[in-house]
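A.B. asks: Sequence first, then the predicted structure:
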Amino acid sequence: MDNTIEVKHLTKKFGNFTAVDGISFSVGKGEIFGFLGPNGAGKTTTIRMLCGLVTPTAGGGLVGGLDIMKQGEKIKEHIGYMSQKFSLYDDLTVAENIDFYAGIYQTKKENRKQKKEQIIKTAELTGKENVLTGNLANSVKQHLALGCALIHDPGIIFLDEPTAGVDPLSRKKFWEVIKTLSENGVTTLVTTHYMDEAERCDRIALINNGQIIACDTTADLKTKKMKGILYEVECDNVMEGLEVLRESQVAHDVTLYGLYLHVMVEGEEGCPEEIRSLLSAKNIAVKRIEKIPPSLEDVFVFLVEQGDQ
Ligand SMILES: Nc1ncnc2c1ncn2[C@@H]1O[C@H](COP(=O)(O)OP(=O)(O)O)[C@@H](O)[C@H]1O
Ligand SMILES: [Mg+2]
């Protein structure tokens, strides 16, 4: 096992529908690589192909040096997979779930006791070994599921929306575990909808309609992919303001960002004044226009809209 992932032109069709459309990327040892993209983009299907659970239609890849087309069974021994839906059994106790995974992954008998203790400790479940898993809080379940996916010390782990619906503090703890694994050479491929989590990845791939529309560090995505300057506009009646600016020629792109508008313009010259006068002409009071660095969400929205055009 070399703990790397190498994917070339990977494609999956369901009937006539192409769910994953010729994607290529590579992930290095110990890297935390994120998949970011809307629902239906093809993230889960890609992960399932890499785990040897779904057969690709075309293209291929190596996971830990093993061929996903031919060595799916062997790959399963070397990877950890936390699926999007809960992978734990609600009607088993904490201890029973761990035993179940120890069995599936054929963990060595002499290591089991120590592994079990470690998982329970990390998930902060000491004293709750006999509680039914279905009665645990979501965040605790997620930690336990991660522990179970790691029970056989895999070199590569696939985490599919591991923290969906989990509170911020628990998400932070979860990411500390991933960070420590990464420092120990474990490679992670993780999907998330949370921008703060995407920021914690070494690199991310933005996925839309089965294709990778950008792949880079978050810093480089923000500086290199955005062509133009971004202004944040605080004004009355943002929805009307959005329409006005969208219909005008001044903006390359206008999006609603919380209570504000994010206005993307090609060149800087005269722009804040032009935005202000367009809005004022429609009796929309402008409180603030400020040049801002783009967030990952801005970059993502911009690239998706650019791709759709
Ligand atoms: N077994 C399947 N049969 C038919 N269509 C599928 C199947 N699995 C996934 N899809 C479709 O493929 C697309 C990508 O799905 P998925 O990989 O789950 O996306 P994501 O994880 O990014 O939300 C979706 O349109 C989904 O409906
Ligand atoms: Mg998914």
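C.D. replies: Right, received. Where do you want to start? Ligands and ions are numbered 1, 2, ... in the order given.

A.B. asks: Let me know whether residue 186 touches residue 156 as I believe.
C.D. replies: Yes - using CB atoms under 8 Å, residue 186 is in contact with residue 156, at 7.2 Å. Every C-beta, even on glycine, is put in place using the N, C-alpha and C of the backbone.

A.B. asks: Look at those two and report which has more neighbours.
C.D. replies: residue 156 (24 against 21; other CB atoms under 10 Å).

A.B. asks: hey, what's the more buried one bridged with?
C.D. replies: Beta bridges link residue 156 to residue 79, residue 187, judged by DSSP bridges.

A.B. asks: ditto for residue 93
C.D. replies: Assigned bridge partners for residue 93, using DSSP bridges, are residue 132.

A.B. asks: Let me see the contact set for residue 303.
C.D. replies: Applying CB atoms under 8 Å, 6 or more residues apart in numbering to residue 303 gives the contacts 206, 208, 213-214, 225.

A.B. asks: could you flag which of these are buried?
C.D. replies: For the contacts of residue 303, a burial check counting by 16 or more other CB atoms under 10 Å picks out 206, 208, 213-214, 225.

A.B. asks: In strands, which of those residues appear?
C.D. replies: 206, 208, 213-214 (DSSP state E).

A.B. asks: sorry, back to before: next, format the buried ones among the contacts of residue 303 as TSV and append pLDDT.
C.D. replies: Formatted as TSV, these follow (pLDDT from 0 to 100):
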residue	pLDDT
206	94
208	93
213	93
214	93
225	80
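
A.B. asks: so which of these comes closest to ligand 1?
C.D. replies: Of all the buried ones among the contacts of residue 303, ligand 1 sits closest to residue 208, with 9.3 Å by CB to the nearest ligand atom.

A.B. asks: what about that closest one, distance to residue 77?
C.D. replies: Per CB to CB, to the nearest Å, residue 208 is found 33 Å from residue 77.

A.B. asks: ok, now which ones touch the residue in the stretch 101-250 of the chain positioned nearest to ligand 2?
C.D. replies: Relative to ligand 2, the nearest point of the stretch 101-250 of the chain is residue 160 (5.9 Å; CB to the ion). Residue 160 is in contact with 43-44, 47, 81-84, 190-191, counting by CB under 8 Å, 6+ apart.
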